[in-house]
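A.B. asks: Dropping a prediction and its sequence here:
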Amino acid sequence: MSRLVFPLFALVFILTIPSLTLAVEKGAEKPSALGFKVKSLDGKEVDLNEYRGKVLLIVNVASKCGLTPQYEQLEALHEKYSPKGLAILGFPCNQFMRQEPGTADEIRQFCSTRYHVGFDLFAKVEVNGDGACPLYKHLTSLDVKPKGPGSISWNFEKFIVGRNGQVVARFAPRTRPDAPEVVKVLEAELARR
């Protein structure tokens, strides 16, 4: 009889391990989008944890793209919602048909004179492939609606990050920053405390 008890006990124990692991994985908090350091357009290191408590709209931007006029809507959102806790983070990227060829000074000049950008701009990054910056490797790995995981498809792809650092939405490049579906998510996140 003792021979049957041990194998039966071992079998029950082994069968419960996957359910314990699954419960831990379900309950575990996802990594935060704020756990990264990036460089500002001036080349200074910025810890994204400095944005904790704010709602973020992270966008890969370019100066010579058909979607570049979205800078206007981004700046309008910045002016309207930054007092309520929104921070827009623009990451210039030259990976899509070399539509952001400028230096940091040229990018700053273009954004300030053409679109009067007042939101935060960062150093040029890669968003896809082996050379992608760690922040974008993280963002593109997440299954968030409506777009889901996968590579950045073009300039002006948008990620919304809640006050707790969790990515809550991802929108395709052609979805305007002031589209109703984007504003709805932004306002819902801004209403959270």
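C.D. replies: That came through, no problem.
A.B. asks: ok, now how distant is I58 from Y71?
C.D. replies: Applying CB to CB, to the nearest Å, the value for I58 to Y71 is 15 Å. The C-beta positions use only the backbone N, C-alpha and C, and glycine is treated the same way.
A.B. asks: hang on, I meant Q166
C.D. replies: Distance of Q166 to Y71, computed by CB to CB: 26 Å.
A.B. asks: More neighbours: those two, which one.
C.D. replies: Legend: neighbour count by other CB atoms under 10 Å for Q166 and Y71, higher for Y71 (24 against 17).
A.B. asks: ok, that one - contacts?
C.D. replies: Neighbour list for Y71: 61, 111, 114-115, 117 [criterion: CB atoms under 8 Å, 6 or more residues apart in numbering].
A.B. asks: Most widely separated two among those?
C.D. replies: Comparing every pair within the contacts of Y71 by CB to CB identifies V61 and R114 as the most remote, at 12.2 Å.
A.B. asks: So if I had to pick from the two, which one is more boxed in?
C.D. replies: V61 (27 against 13).
A.B. asks: For that one, list the residues it contacts.
C.D. replies: The neighbourhood of V61, defined by CB under 8 Å, 6+ apart, consists of 68, 71, 90-93, 100, 121, 155-156.
A.B. asks: pLDDT score assigned to it?
C.D. replies: Per-residue confidence at V61 stands at 98 (pLDDT).
A.B. asks: Return the per-residue confidence for L20.
C.D. replies: L20 is given a pLDDT of 36.
A.B. asks: Tell me the secondary structure of the most centrally placed residue in the chain, please.
C.D. replies: Centroid-nearest residue in the chain, with CA atoms, centre = their mean: F159, separated by 4.2 Å. Following DSSP: H, G, I helix; E, B strand; the rest coil, the label given to F159 is strand.
A.B. asks: which residues does it contact?
C.D. replies: 33, 56-59, 139, 144, 167, 169-171.
A.B. asks: swap the cut-off to 7 Å and go again
C.D. replies: By CB atoms under 7 Å, 6 or more residues apart in numbering, the residues touching F159 are 58, 139, 167, 170.
A.B. asks: So which of the residues you listed are in strands?
C.D. replies: Using DSSP state E, the members of the contacts of F159 that fall within strands are 58, 167, 170.
A.B. asks: Could you dump those into a markdown table and include neighbour count and pLDDT?
C.D. replies: Shown next, in a markdown table, are the ones in strands among the contacts of F159 (neighbours: other CB atoms under 10 Å; pLDDT from 0 to 100):
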| residue | neighbour count | pLDDT |
| --- | --- | --- |
| I58 | 23 | 98 |
| V167 | 21 | 97 |
| R170 | 23 | 98 |
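A.B. asks: If I follow the layout properly, F36 ends up in contact with Y136?
C.D. replies: No. In this structure, F36 is not within contact of Y136 by CB atoms under 7 Å, at 9.4 Å.
A.B. asks: Which one of those two is surrounded by more residues?
C.D. replies: Y136 (24 against 18).
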